[in-house]
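1. Sequence isn't available, so here's the structure alone:
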């Protein structure tokens, strides 16, 4: 049976993370009674070192993911670790800072970390939920886009062009309108995320459009236009599938466009944070 | 005449140029397959335009096309072509190369638009318009932009922040420092150089001692740490600069071995981490016969712990209502004698006149109730006083002789300690009267001496004081001066007032005297009969509240003071 990454080895990482978080929180409560908690205390420093090591391991996942030859730990184990420990960071870092935030680079590091973790949670949630939506919608949306989708579309367009050659201007323009129909002039990948599918409306506009063309096209060319109309229907159908499929695909990918870049920016800010606190806290003052 | 058509193609990812020659006087242009220059664009008419050679000129004519023909972006019906003219038809650009000698016209054909730059280019990917990876916002670009924004923004803010936004609103230190300066230092504002004389570095103590003059640890300190070692500014927890974590104190004071003299057994704690972790039991100095015999004794060492202040006091007796009421008609509580100072910190010293005299008057003769001698004067002085100021006048009156005037500056019956005894009366010849008077005086003095000093605790002075036997030269004993400690713990500060509420509540719950909440759990004051009992509470008593579980602060600085307060001064510029 398929076991998702959260349930990997009977929720091993989930349990470990929960236990670790409990230990950290309890030790924080105990230590915060003794001293005003912050990153400069011994315990705060330990939390900080733990956080930094965790960040390095979490970011190593990105490299491990691309390495197909690595032997130690399966990718699913890494992913399970990545998700649980990553979520724990939301708590671990405030423990390190003693829940003190300000308008400075130190807090910026945490804000960036929070963006990374939250985008990761969103990604994991979509990853687990969207495939079910694929099933709910049925085959229409799960029709796979082959590698030759582009070829398929190109072929239809070429055929329409051939049909339009030496035909009247009205015929040619109807063909051109259909060729251009639905093909975006600029990149629409991000816009797709907010677009809703509208199959019924699409079919209605198609019938309307074809009726409009026929009014202008000379009657001698009506038979030829039937071929164009068939191709145009195929094309519209294919485009509809592309939009639906790409929308789901982009929904599954979009979070990564925050997760990855922000994580790298965060790592840089964390390193600056470490350099600054050690420089001012230890090097300069001692 | 002829026309040369140059078309640009991409074949197998390689750009290729194709030249074709068209003979004749005209070049027909259009979408239809019959045209000499076929332009595959459905916006273009079947027969769109024609270029003709007329009278030594190449002229372009529009054939009533729907889309129109443009020369250098201007719509034309008919237009002679010049060298370098660009003709726009549909998506196509035709650059004209008009020869000077009337040779063949060169038409360079290119196609506009991003989709197909050259004609019949490599296959276009329609999906790339949908794929996120093909958008402007690739992960790589977003990363670089993000890094540029954050790092660049920070550099800009650090370098130009002061200038751009003005120092009152913003300051570059804000981004690196974990917090603002403490309220006490707000008056400095963003004038960083006031403390950070060396930019980017932590201030030296000189920055602090400009205003905070005279702050020192103590005379015998081994070294002087920088102020910032303990007093951290720009704190993220917004606490006062004087909130010092224990870790700063125990760095040096965690191991008290250094206080052990050579050859002495180790008696000091070596691992102090905080008040409830490794702090030793409180110690007091128990005075011996001399300084060598004086020793620090821990409150837990019950055998060695003795109050040697040479005063006799039975707390139990004073606090037993029935007994005290029988004598005085009222009852006593601790606060009848132990009064706090104005700050509510320490107990004021016990004063005989204020606290004891009412019940323990220093009456010297049963025959004269209400007549008392002065407290604080040694027996010899009392003898002088009684002789000159009391018995001599009284005996003179008894003998019917005039009373001599009272000694100058003295009040009857009272003489201040240290005040010179009145000058002896003039020597007079011994007469029967004078012998009688002398006998009268000596009898009175004997009686007083007996009542004041004889019989140990039965005597007036011996009740509280230790009396040393008379020396051979004198018949009078000496009162041993009591050394009652004003402060037992000289290294820690304490406030009684701050503790009264908690201890009263605790004592009431246990049905005890309020002070007995602390003084002292194993030996309540009301049970103490010996003066030698030291009724101070031990560390365990304090730790009931001052500990990680008790909920009350228990930092080193709660009780200990680092600086010599008496020399501290703050002079604000």
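-> Arrived safely. None of these values were measured; they are calculated from a predicted model.
2. Now do the closest residue to chain A within the stretch 401-550 of chain B against residue B:79, distance only.
-> Ranking the residues of the stretch 401-550 of chain B by distance to chain A (CB to the nearest CB) places residue B:548 first, at 4.2 Å. Using the backbone N, CA and C atoms, a C-beta is placed for each residue, glycine as well. Counting by CB to CB, to the nearest Å, the gap from residue B:548 to residue B:79 is 96 Å.
3. same deal with residue A:129?
-> 64 Å.
4. More neighbours: the two, which one.
-> Taking neighbours as other CB atoms under 10 Å in any protein chain shown, residue A:129 and residue B:79 compare with residue B:79 leading, 19 against 9.
5. Pull the number of nearby residues for the nearest residue to the more buried one once chain neighbours are set aside.
-> Leaving aside its chain neighbours, residue B:79 sits nearest to residue B:71 (5.0 Å; criterion: CB to CB, 6 or more residues apart in numbering or on different chains). By the criterion of other CB under 10 Å, residue B:71 has 19 neighbours.
6. Help me confirm that residue B:71 comes into contact with residue B:81.
-> Yes - between residue B:71 and residue B:81 there is a contact under CB atoms under 8 Å: 7.3 Å.
7. thinking again about what came up before, how would you label the residue of the stretch 401-550 of chain B closest to chain A: helix, strand or coil?
-> coil (DSSP: H, G, I helix; E, B strand; the rest coil).
8. residues contacting it?
-> A:30, A:33-34, B:276, B:554 (CB atoms under 8 Å, 6 or more residues apart in numbering or on different chains).
9. Kindly recompute the last result at 6 Å.
-> A:33-34 (CB atoms under 6 Å, 6 or more residues apart in numbering or on different chains).
10. State the distance from it to residue B:186.
-> Applying CB to CB to residue B:548 and residue B:186 gives a distance of 33 Å.
11. quick one: the helices in the stretch 351-500 of chain B?
-> B:379-385, B:392-398, B:432-453, B:496-509 (DSSP state H, counting those that start in this stretch).
12. One more: chain A?
-> A:8-34, A:42-66, A:75-97, A:105-137, A:139-142, A:149-164, A:169-180, A:199-216, A:222-254, A:256-278 (DSSP state H).
13. Quick one: residues in contact with stretch A:260-274.
-> Under CB under 6 Å, 6+ apart, the answer for stretch A:260-274 is A:105-106, A:108-109, A:112-113, A:115-116, B:139, B:142-143, B:146-147, B:150.
14. Give the buried residues for that stretch.
-> A:260-270, A:272-273 (16 or more other CB atoms under 10 Å in any protein chain shown).
15. Likewise for stretch A:148-164?
-> Result for stretch A:148-164 [16+ other CB under 10 Å]: buried residues A:149-150, A:152-153, A:156-157, A:159-161, A:163-164.
16. How far does it sit from its chain's centre?
-> 31 Å (CA atoms, centre = their mean, to the nearest Å).
17. Over to stretch B:544-554?
-> Per CA atoms, centre = their mean, the centroid offset for stretch B:544-554 relative to its chain is 18 Å.
18. Can you measure across that stretch, start residue to end residue?
-> 11 Å (CA to CA, to the nearest Å).
19. Which of the helices or strands spans residue B:208?
-> Taking DSSP states H and E as the definition, residue B:208 sits inside helix B:205-209.
20. Can you name the next helix or strand after that helix?
-> Helix B:205-209 is succeeded, C-terminally, by strand B:212-213 (DSSP H and E).
21. average model confidence for the helix or strand just after that following strand?
-> Moving toward the C-terminus from strand B:212-213, the next helix or strand (DSSP H and E) is helix B:227-230. Averaged over helix B:227-230, pLDDT sits at 83.
22. same thing with stretch B:314-323?
-> 88.
23. Stretch A:93-103 too?
-> 87.
24. do it and chain B meet?
-> Yes - counting by CB under 6 Å from any CB of the partner chain, chain B is contacted by stretch A:93-103 at A:100, A:102.
25. returning to that earlier point: relative to residue A:242, which of the buried residues of stretch A:148-164 is nearest.
-> Comparing the buried residues of stretch A:148-164 against residue A:242 with CB to CB places residue A:149 closest, at 6.6 Å.
26. backbone phi and psi for the spatially closest residue to the closest one that is not a sequence neighbour, please?
-> Of all residues not flanking residue A:149 in the chain, residue B:127 sits nearest, at 6.1 Å (CB to CB, 6+ apart). The phi/psi pair for residue B:127 (degrees, to the nearest 10) reads phi -70, psi -20.
27. And residue B:127, how close does it get to residue A:20?
-> With CB to CB as the criterion, residue B:127 and residue A:20 are 44 Å apart.
28. same check, this time on residue B:528
-> 54 Å.
29. ok, now residue B:534?
-> To residue A:20, residue B:534 is 50 Å away according to CB to CB.
30. what about the two, which has more around it?
-> Remark: of residue B:534 and residue A:20, residue B:534 carries more neighbours, 20 against 17, as counted by other CB under 10 Å.
31. Residue B:513: what's it in contact with?
-> residue B:526.
32. Would you tell me which residues of chain B are close to chain A?
-> Going by CB under 6 Å from any CB, the residues of chain B near chain A are B:32-33, B:42-43, B:45, B:66, B:123, B:125-127, B:129-132, B:135, B:139, B:142-143, B:146-147, B:150, B:175-176, B:178-179, B:201-202, B:228, B:236-237, B:245, B:548.
33. Mind checking which of those are buried?
-> In the residues of chain B next to chain A, the ones that pass as buried (16+ other CB under 10 Å) are B:32, B:42-43, B:45, B:126-127, B:129-130, B:132, B:135, B:139, B:142-143, B:146-147, B:150, B:175-176, B:178-179, B:202, B:228, B:236-237, B:245, B:548.
34. For the nearest residue to residue B:500 once chain neighbours are set aside, grab the count of nearby residues.
-> Distances taken as CB to CB, 6+ apart place residue B:514 nearest to residue B:500, at 7.1 Å, with adjacent residues excluded. Residues within reach of residue B:514, counting by other CB under 10 Å, total 18.
35. so residue B:514 makes contact with residue B:507?
-> Yes - counting by CB atoms under 6 Å, residue B:507 is a contact partner of residue B:514 at 4.6 Å.
36. Helix or strand with the lowest mean pLDDT in the chain?
-> Because you didn't say which chain, this covers chain A. In chain A, no helix or strand scores lower on mean pLDDT, DSSP states H and E than helix A:139-142, which sits at a mean of 46.
37. how close does the closest residue to residue A:181 other than its chain neighbours sit to residue A:153?
-> With sequence-adjacent residues excluded and distances taken as CB to CB, 6+ apart, residue A:181 is closest to residue A:236, at 7.0 Å. Note on residue A:236: its distance to residue A:153, by CB to CB, is 11 Å.
38. Look at residue B:79 and give its secondary structure.
-> Quick answer, by three-state DSSP: residue B:79 is strand.
39. Return the per-residue confidence for it.
-> So, for residue B:79, pLDDT stands at 90.
40. Distance check, it against residue B:55.
-> 14 Å.
41. now do residue A:73
-> Taken as CB to CB, the span from residue A:73 to residue B:55 is 85 Å.
42. repeat for residue B:547
-> 114 Å.
43. Kindly report the same for residue A:190.
-> With CB to CB as the criterion, residue A:190 and residue B:55 are 58 Å apart.
44. more crowded one of these two?
-> Just comparing residue A:190 and residue B:55: by other CB under 10 Å the higher neighbour count belongs to residue A:190, 15 against 6.
45. and that one, backbone torsions?
-> phi -70, psi -30.
46. and the nearest residue to it once chain neighbours are set aside, backbone torsions?
-> Spatial nearest neighbour of residue A:190, excluding adjacent residues (CB to CB, 6+ apart): residue B:135 at 6.4 Å. Here is the backbone geometry of residue B:135 (degrees, to the nearest 10): phi -80, psi 180.
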